[in-house]
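Asker: need coordinates for the following:
(chains A and B)
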Protein chains: 2
Amino acid sequence: MADRLVVIGGDAAGMSAASQARRRRTADELEIVAFERGHFTSYSACGIPYWVGGQVDEIDDLISRDPATFRDEYRIDVRTRHEVTAIDLDRREVVARNLDDGGREVREHFDQLVYAAGAVPATPEWARTDAAGVFGVQTLDDGAALLDWLEQDPSPRRAVVIGGGYIGVEMAEALIRRGLTVSLVERSPEPMSTVDPDMGALVRKALCGLGLDVRSGVNVSGLQSRDGRVVAVHTDAGTLPADVVVLGLGVRPNTALAAEAGLPLGPTGAIRVDLRMRVPGQDGIWAAGDCVESVHRVSGQPVYVPLGTHANKQGRVAGINIGGGYATFAGVVGTAVTRVCDLEVGRTGLRERDATAAGFEFVAVRVESTNRAGYFPGAESMTVKLIAERRTGRLLGAQIVGRSEAAKRIDVLAVALWNRMTVEEMANLDLGYAPPYSPVWDPVLVAARKAAAALR
Amino acid sequence: MADRLVVIGGDAAGMSAASQARRRRTADELEIVAFERGHFTSYSACGIPYWVGGQVDEIDDLISRDPATFRDEYRIDVRTRHEVTAIDLDRREVVARNLDDGGREVREHFDQLVYAAGAVPATPEWARTDAAGVFGVQTLDDGAALLDWLEQDPSPRRAVVIGGGYIGVEMAEALIRRGLTVSLVERSPEPMSTVDPDMGALVRKALCGLGLDVRSGVNVSGLQSRDGRVVAVHTDAGTLPADVVVLGLGVRPNTALAAEAGLPLGPTGAIRVDLRMRVPGQDGIWAAGDCVESVHRVSGQPVYVPLGTHANKQGRVAGINIGGGYATFAGVVGTAVTRVCDLEVGRTGLRERDATAAGFEFVAVRVESTNRAGYFPGAESMTVKLIAERRTGRLLGAQIVGRSEAAKRIDVLAVALWNRMTVEEMANLDLGYAPPYSPVWDPVLVAARKAAAALR
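Answerer: Numbering: from 1, shown residues only, chains lettered A, B, ... in the order given. Just a heads-up that it's a prediction; the model follows:
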């Protein structure tokens, strides 16, 4: 009889796992059932801001494989609009409700289980409202609902985005593109708190230059509604009128079912996994994606980094192993990039506060350079910050804020981090030079030299 | 009495050495004399195509520091238009001719000597012509002469660029920008022979798409002139009419003086140096820049890579050591990038032929991907090629051909090479992902996965 794999969650991690398992084991050897609460599978949630902003035309553009493709080409039994309500580890069963069929309950036996339930948006008390016009942007369903709202007649004119992280600033851009007046409210002293405040200040200035009303260091106390529609956001620095409110407050791992079933959670609150994405102490139980924690290769500590790129890799690793192959997930160094209009931000490794928390002594340096030779048309300024351990000189973290062709340079620093390079050695790196791409001393090299000097 | 440093060559390597030495030793401790044959110091020869093409307005834009600045701010006695004619190691003297003063000879004593005479253009027999309208593009003086020629009335209409390397394709773009009809003649089967022929074929197609008449696999046999002006280029595949001919045939190290003085040349024909840029077996003699050879960190062999980025680093290393500090040049991995209109090419490490010559057994893989998420506006295709050693899986080389935001990704691979990463491990790298920057699987990761699979 065939083995049975049940997958909880039909997005990046879950469907990567299912596809990879299928590549290695035929439908005769392995039955695969995948439950997904929403309508869609394997979509780019990261693309939602560009869909809302009109840069991407069709919801279909964001879907890499739809349920029919999985069913027909992969022989994976995808059940959308099914919400898993319980995992019974003793009976090795998953219980789910069919949301389109009055909540009819189904039970499915498994030999192997992939828990890939993703994340849930952080929703403070004040955000739990029935008022219309308040949107998260985690799923395609969220994006579709927001787009409907924006396309009302008369259309909303004033937007407040709450949360100044990646999704917040990207949504702010999307709403500006649609012609709305947008305020961005962020609790931290500077937006984009995944970079240090000195770099965040550069981001704030640039965002203001884009016409965004940035309110950082501001706490939201409540939403005000009238006739069931949101009309304003109350903050400790005044009230902001709003025809639409977008919540970009970050996410937390969706572990409720896992915790109930007794799967182990780590110190970050996300599910613990081993190198092969197995849940420790559980036979045939795997987890991957925005619900698990990872090892940070710089601090050696567990971290929670819910990003699509990790979800895809982790799902793939789980699937290869389930299929009888061998693969491991090597951990993260904390790389992330974003673009808001022509502002680019990249980061990798530890921020100053992370380095301190991890117990490192360090130096931090910042250099201003340009993305091209200074004389080349389109040369624009770029700030590179490096953090390096005292004495060893080992790179601990890096951040870049610039205009065009800036953020993706963080990858150079991510590879240096991965290999535990010292800033002294990094200053020697053989990086590509031509006037359209960098000054003759690449900004990364200039920063490494300055960090090495600061260590002497 | 002060020590005396004489520098031969006033461009990147020589003036970096002089400036770094000056930073560490005052004019009372170290006198510095620098001889430069041309009119200019510390300029970006790499910028000449953009100046000729009109993207850079002024010759001054290409000069990072002029002789007056060196004299006034650095107290370096820069003597432009002085051609060094001999080095007398026994008497520790340099002999130079003042080209602006009837060739008057000067002799200067030195305690320390930096030989940074750069490179000379390769000029086959047929290229040694007195005909007007034939130009190299190695110095700013060359660029100025070409610009004068292009600004004649009536202006030249048909150009032939001979040599399909970096400078050749960049000059071809410049001439297209100026409205000329341009043929590019290259002896190798494909242009840009610093990448493998399969990647060169992509370059050729793209160049043709830019309106360039690419003639690869074609040998030049001679230039034809009339009334002292060039009128055509004869090749083994027919005659090309030409109002202007640009020679981009590469360079060789300018070692004549060094060899005469008995400085050791290596197997590449360039000057041998140690880690600190000392000439072995010579006391107080240093060399740096386009006249020296470097160690290739992948093959372990000496190589000749005349690039401004190395010249700057090497000059800096020499100057720090001369100044009493400690610095070493760590070698090269062969990284280079170029852009021709919107075509981008990057390369690092060994090509297939280099890997074979070095004795490696290897696999080579090629993947097609995009520079952004496929659905994101402006997504364009990109080809990434990786070469990896059999059995160890170590990366040996990489090449990228694409449109925008493609070439500089080679730096990620250069850092991986530098750290002797395997393609298996590279497939795990934590690279930045967001839809404006890459698909969720970065092209570098996709290529690394494919290479790892090919090794199994």
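
Asker: assign A:Asp60 to helix, strand or coil.
Answerer: Look at A:Asp60: counting by DSSP: H, G, I helix; E, B strand; the rest coil, its state is helix.

Asker: wait, does the one helix or strand A:Ala388 maps to contact chain B?
Answerer: If you go by DSSP states H and E, A:Ala388 is part of strand A:381-389. No. Residues of strand A:381-389 contacting chain B under Cβ under 8 Å from any Cβ of the partner chain: none, with a closest distance of 12.4 Å. No exception for glycine: its C-beta is placed from N, CA and C like everyone else's.

Asker: and if you look at stretch A:331-347?
Answerer: Yes. Between stretch A:331-347 and chain B, judged by Cβ under 8 Å from any Cβ, the touching residues are A:331-339, A:346.

Asker: farthest pair in those?
Answerer: Spatially, the most separated pair among the residues of stretch A:331-347 next to chain B is A:Gly331 and A:Arg339, at 25.9 Å (Cβ to Cβ).

Asker: more crowded one of those two?
Answerer: Taking neighbours as other Cβ atoms under 10 Å in any protein chain shown, A:Gly331 and A:Arg339 compare with A:Arg339 leading, 24 against 20.

Asker: the residue found closest to that one once you drop the neighbours it is linked to in the chain in helix, strand or coil?
Answerer: Leaving aside its chain neighbours, A:Arg339 sits nearest to B:Pro436 (4.4 Å; criterion: Cβ to Cβ, 6 or more residues apart in numbering or on different chains). Classification of B:Pro436 using three-state DSSP returns coil.

Asker: got the contact list for B:Pro436?
Answerer: By Cβ atoms under 8 Å, 6 or more residues apart in numbering or on different chains, the residues touching B:Pro436 are A:339, B:372-373, B:376.

Asker: please, where are all the helices along the stretch 301-450 of chain A?
Answerer: A:308-322, A:352-358, A:410-418, A:423-426, A:443-455 (DSSP state H, counting those that start in this stretch).

Asker: and those helices as JSON lines, adding mean neighbour count, mean pLDDT and distance to chain B?
Answerer: What follows is the helices of the stretch 301-450 of chain A, written out as JSON lines (neighbours: other Cβ atoms under 10 Å in any protein chain shown; pLDDT from 0 to 100; distance: least, Cβ to the nearest Cβ, whole Å):
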{"stretch": "helix A:308-322", "mean neighbour count": "26", "mean pLDDT": "98", "distance to chain B": "4"}
{"stretch": "helix A:352-358", "mean neighbour count": "16", "mean pLDDT": "98", "distance to chain B": "15"}
{"stretch": "helix A:410-418", "mean neighbour count": "28", "mean pLDDT": "98", "distance to chain B": "4"}
{"stretch": "helix A:423-426", "mean neighbour count": "24", "mean pLDDT": "98", "distance to chain B": "7"}
{"stretch": "helix A:443-455", "mean neighbour count": "22", "mean pLDDT": "98", "distance to chain B": "8"}
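
Asker: buried stuff in stretch A:96-106?
Answerer: A:96-98 (16 or more other Cβ atoms under 10 Å in any protein chain shown).

Asker: CSV for these, including pLDDT, distance to chain B and secondary structure?
Answerer: Below are the buried residues of stretch A:96-106 laid out as CSV (pLDDT from 0 to 100; distance: Cβ to the nearest Cβ, whole Å; DSSP: H, G, I helix; E, B strand; the rest coil):
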residue, pLDDT, distance to chain B, secondary structure
A:Ala96, 98, 27, strand
A:Arg97, 98, 30, strand
A:Asn98, 97, 30, strand
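
Asker: sec struct for the nearest residue to A:Asn321 once chain neighbours are set aside, please.
Answerer: With sequence-adjacent residues excluded and distances taken as Cβ to Cβ, 6+ apart, A:Asn321 is closest to A:Arg276, at 4.8 Å. Here A:Arg276 is recorded as coil under three-state DSSP.

Asker: got a list of what A:Arg276 touches?
Answerer: With contact taken as Cβ under 8 Å, 6+ apart, A:Arg276 is in contact with A:317-318, A:321, A:326-329.

Asker: which stretches of the stretch 201-350 of chain A have low pLDDT?
Answerer: Within the stretch 201-350 of chain A, no range satisfies pLDDT under 70.

Asker: and the residue of it closest to chain B?
Answerer: At 3.5 Å from chain B, A:Val337 is the closest residue in the stretch 201-350 of chain A, using Cβ to the nearest Cβ.

Asker: tally of neighbours for A:Asp290?
Answerer: Using other Cβ under 10 Å, the number of residues around A:Asp290 comes to 28.

Asker: just checking, it touches A:Ala13?
Answerer: Yes. At 7.3 Å, A:Asp290 and A:Ala13 qualify as touching, with contact defined as Cβ atoms under 8 Å.

Asker: anything in contact with each of these two?
Answerer: A:118, A:311.

Asker: between the helices of the stretch 301-450 of chain A, which one is nearest to B:Phe360?
Answerer: helix A:410-418 (21.9 Å).

Asker: what angle sits between the closest one and helix B:410-418?
Answerer: 20 degrees (axes from the mean of the first three to the mean of the last three Cα atoms, to 10 degrees).
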